[in-house]
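In: would you be able to build a 3D model of this:
(2 chains)
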Number of protein chains: 2
Amino acid sequence: MLPKTGSFQFHIESYVCDFTEKATLPVMTSFILDAASIHAQQRGFGYEDISKDSIAWVLSRLSIEIYEYPVSNQSIKVETWIEDVGRFFTQRCFQFLDENEKTLGYARSVWAAIDMQTRRPVDLLQWRFDLTNYIEKEKICPIEKMAKILPVNDIDPVMGYSVRYSDIDINKHMNSMKYIEHVINIFDLEIFKEKFIHKFEIVYLMEGMFGDKLKLYQQQISENEYLIDTKKGEESICRTRIIWKNNL
Amino acid sequence: MLPKTGSFQFHIESYVCDFTEKATLPVMTSFILDAASIHAQQRGFGYEDISKDSIAWVLSRLSIEIYEYPVSNQSIKVETWIEDVGRFFTQRCFQFLDENEKTLGYARSVWAAIDMQTRRPVDLLQWRFDLTNYIEKEKICPIEKMAKILPVNDIDPVMGYSVRYSDIDINKHMNSMKYIEHVINIFDLEIFKEKFIHKFEIVYLMEGMFGDKLKLYQQQISENEYLIDTKKGEESICRTRIIWKNNL
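Out: Modelled structure (predicted):
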């Protein structure tokens, strides 16, 4: 049996960095998805394995806390492990480390295995893929479990976009990373000069489909805290909470 | 001295695939940029090396020909080499191969090394980084050198977008991959069901900047051939030519 925690190396190419020469939040998210995907695949319950039963992993919530973003040309290590398996959801955690084993941040994610025909979640405790063998007790993720994110009741959207080809993933729904990319696109470049996204929480509520016209509503809670609600008509597609921190 | 041709492995993660379960054109482009970046870095003239003189590699033209896109969970190999070095431009080529060494496609690119202060190209033949040592004579790229792409004179744009945070790269300009992503977003999902992008050519004419409001103009040349012009006001930012091919 493979170790419960998987450890994966990523190199920060210059072209995945923003103008601050650091990896962006969507790139950090792609490392999260990449590590999760390979970890599951190596342990026999990856996308390919479960798709034979016409089941797919669907990300339900994601919470990322970054103390320091890796810079261009640096290598980072992403460790990932299963923290818990419930009936319909499993918690998977992540730790980001630099080349000197310094922790750069953590992430916590909640996943469901969805039957692509019925669109219902599989009972993970009675599934033919037993994840419980891989629950890691030795690792701790300091990010608390995500609280509810309240809706934004603003009337005027700050931005709108149509779901296009590049937003659509292998499951014919909107790509988890793309929601995040569009959300942080509401901010002006100026804020990225002085601050960085220290905490990012997203809850996925509905799946975006090709051609959907989505609108983003923003509420500033305090100097550094924002809620952003992505809506299709009246309904929320996803809700996010962002906490900025001043650069040191 | 390292071999003239560099060879790099990439794994096609499911979440970089579109709904046809194949890698997308922007993903293939990211492998191109990735391979080019590592190849140059390993040979001492990478982004980090030349940025010490405040010089950056800028992609001027890119031509990609794909016979078959790699599918989810497959591994591919990207070979890259310098075909030629001129005074202001260097030609770099690429070959995509699958796990059985079958050729999936080729790409040809033209790069300039731009002085970030003066915005002028460096004379590559008198540069302290000597690329000519690495010119590969053993490899052949069957893609012909790119012809001019004519402007589109249509009055009505098919799509518009503003350049936002996620479009901006480390050089504070628009990311080369993002132009391509926006261009192929003009197509309906339906066309991707029956066809694939067999040939893609792009010429970068101006650098997109944060906040620019860009408009895309399209001209269909024949059943499978399109020109798409991305403009800022009257001026072209980039011009592309796309040739589709029916799925087998």
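
In: drop to CA atoms for contacts and neighbour counts, all remaining ones
Out: Noted.

In: ok, now which ones touch the residue nearest the centre of chain A?
Out: Nearest to the geometric centre of chain A sits residue A:62, at 4.4 Å (C-alpha atoms, centre = their mean). Residue A:62 makes contacts with A:107-110, A:201-203, as judged by C-alpha atoms under 8 Å, 6 or more residues apart in numbering or on different chains.

In: and those, which of them are in helices?
Out: Taking DSSP state H, every one of the contacts of residue A:62 sits outside helices.

In: which ones among those map onto strands?
Out: Of those, the ones assigned to strands by DSSP state E are A:107-110, A:201-203.

In: of these, which ones also sit close to chain B?
Out: For chain B, no contacts are drawn from those by C-alpha under 8 Å from any C-alpha of the partner chain.

In: from those, pick the one nearest residue B:139.
Out: Set against residue B:139, the nearest of these by C-alpha to C-alpha is residue A:107 (44.5 Å).

In: so that closest one bridges to which residues?
Out: Beta-bridge partners for residue A:107, by DSSP bridges, are residue A:64, residue A:94.

In: circling back: including pLDDT and neighbour count, could the contacts of residue A:62 go into CSV?
Out: CSV is the format used below for the contacts of residue A:62 (pLDDT from 0 to 100; neighbours: other C-alpha atoms under 10 Å in any protein chain shown):
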residue, pLDDT, neighbour count
A:107, 98, 25
A:108, 98, 26
A:109, 98, 26
A:110, 98, 22
A:201, 98, 23
A:202, 98, 27
A:203, 97, 23
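
In: nearest residue to residue A:77 in space, please, no chain neighbours.
Out: In space, and not counting its chain neighbours, residue A:77 is closest to residue A:9: 4.5 Å by C-alpha to C-alpha, 6 or more residues apart in numbering or on different chains.

In: just say helix, strand or coil for the one you found.
Out: Here residue A:9 is strand, with the state taken from DSSP: H, G, I helix; E, B strand; the rest coil.

In: got a list of what it touches?
Out: So residue A:9 contacts A:75-78 (C-alpha under 8 Å, 6+ apart).

In: can you show me the strands along chain A?
Out: Going by DSSP E, chain A shows strands at A:6-11, A:55-66, A:75-85, A:90-97, A:103-115, A:159-162, A:195-204, A:213-222, A:225-232, A:235-246.

In: mind splitting chain A into its structural domains?
Out: Domain assignment for chain A by automatic domain parsing gives A:1-145, A:147-248.

In: switch these over to CSV; also include distance to residue B:220.
Out: As requested, the domains of chain A are arranged in CSV below (distance: least, C-alpha to C-alpha, whole Å):
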stretch, distance to residue B:220
domain A:1-145, 32
domain A:147-248, 19
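
In: closest to residue B:57 out of those?
Out: Nearest of the domains of chain A (C-alpha to C-alpha): domain A:1-145, 10.9 Å.

In: of the domains of chain A, which is nearest residue B:195?
Out: With C-alpha to C-alpha, the closest approach to residue B:195 among the domains of chain A belongs to domain A:147-248: 13.7 Å.

In: residues of chain A that sit close to chain B?
Out: A:13-21, A:33-34, A:37, A:47-48, A:73, A:164-166, A:168-172, A:175, A:181, A:184-189, A:210.

In: residue A:2: neighbour count?
Out: Residue A:2 has 9 neighbouring residues, counting by other C-alpha atoms under 10 Å in any protein chain shown.

In: which pLDDT does the model give the spatially closest residue to it that is not a sequence neighbour?
Out: In space, residue A:2 comes closest to residue A:43 once its chain neighbours are excluded; the distance is 7.0 Å by C-alpha to C-alpha, 6+ apart. Per-residue pLDDT puts residue A:43 at 96.

In: residue A:43 and residue A:5 touch, don't they?
Out: No: using C-alpha atoms under 8 Å, residue A:43 is not in contact with residue A:5, being 10.5 Å away.

In: picking that back up, now a ChimeraX select for only the buried ones of the residues of chain A next to chain B.
Out: Restricted to buried positions by 16 or more other C-alpha atoms under 10 Å in any protein chain shown, the ChimeraX selection for these reads:
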select /A:13,14,15,16,17,18,19,20,21,33,34,37,47,48,73,164,165,166,168,169,170,171,172,175,181,184,185,186,189,210
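
In: give me the subset of the residues of chain A next to chain B lying in helices.
Out: The members of the residues of chain A next to chain B that map onto helices under DSSP H are A:33-34, A:37, A:47-48, A:181, A:184, A:189.

In: dump those residues into TSV; add distance to residue A:137 as well.
Out: Below are those laid out as TSV (distance: C-alpha to C-alpha, whole Å):
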residue	distance to residue A:137
A:33	22
A:34	22
A:37	21
A:47	24
A:48	27
A:181	33
A:184	34
A:189	41
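
In: now the two most distant members of the residues you listed.
Out: Most distant of these, by C-alpha to C-alpha, are A:48 and A:189, 39.0 Å apart.

In: show me what contacts residue A:51?
Out: By C-alpha under 8 Å, 6+ apart, residue A:51 has no neighbours at all.

In: quick check, pLDDT for it.
Out: Looking at residue A:51, its pLDDT reads 93.

In: can you tell me which residues contact the residue nearest to residue A:213 when sequence neighbours are not counted?
Out: Nearest non-adjacent residue to residue A:213, counting by C-alpha to C-alpha, 6+ apart: residue A:162, 4.4 Å away. By C-alpha under 8 Å, 6+ apart, the contact set of residue A:162 is A:210-214.

In: what does residue A:32 give?
Out: Residues counted as contacts of residue A:32 (C-alpha under 8 Å, 6+ apart) are A:78, A:94.

In: for chain B, see how far away it is.
Out: Distance from residue A:32 to chain B, counting by C-alpha to the nearest C-alpha, to the nearest Å: 11 Å.

In: distance of that residue from residue B:221?
Out: 42 Å (C-alpha to C-alpha, to the nearest Å).

In: how about residue A:231?
Out: In terms of C-alpha to C-alpha, residue A:231 sits 38 Å off from residue B:221.

In: and those two? Which one has more around it.
Out: residue A:231 (24 against 12).

In: for that one, which residues make a bridge with it?
Out: residue A:215, residue A:236.

In: that one contacts residue A:218, correct?
Out: No: counting by C-alpha under 8 Å, residue A:231 stays clear of residue A:218, with 11.0 Å between them.
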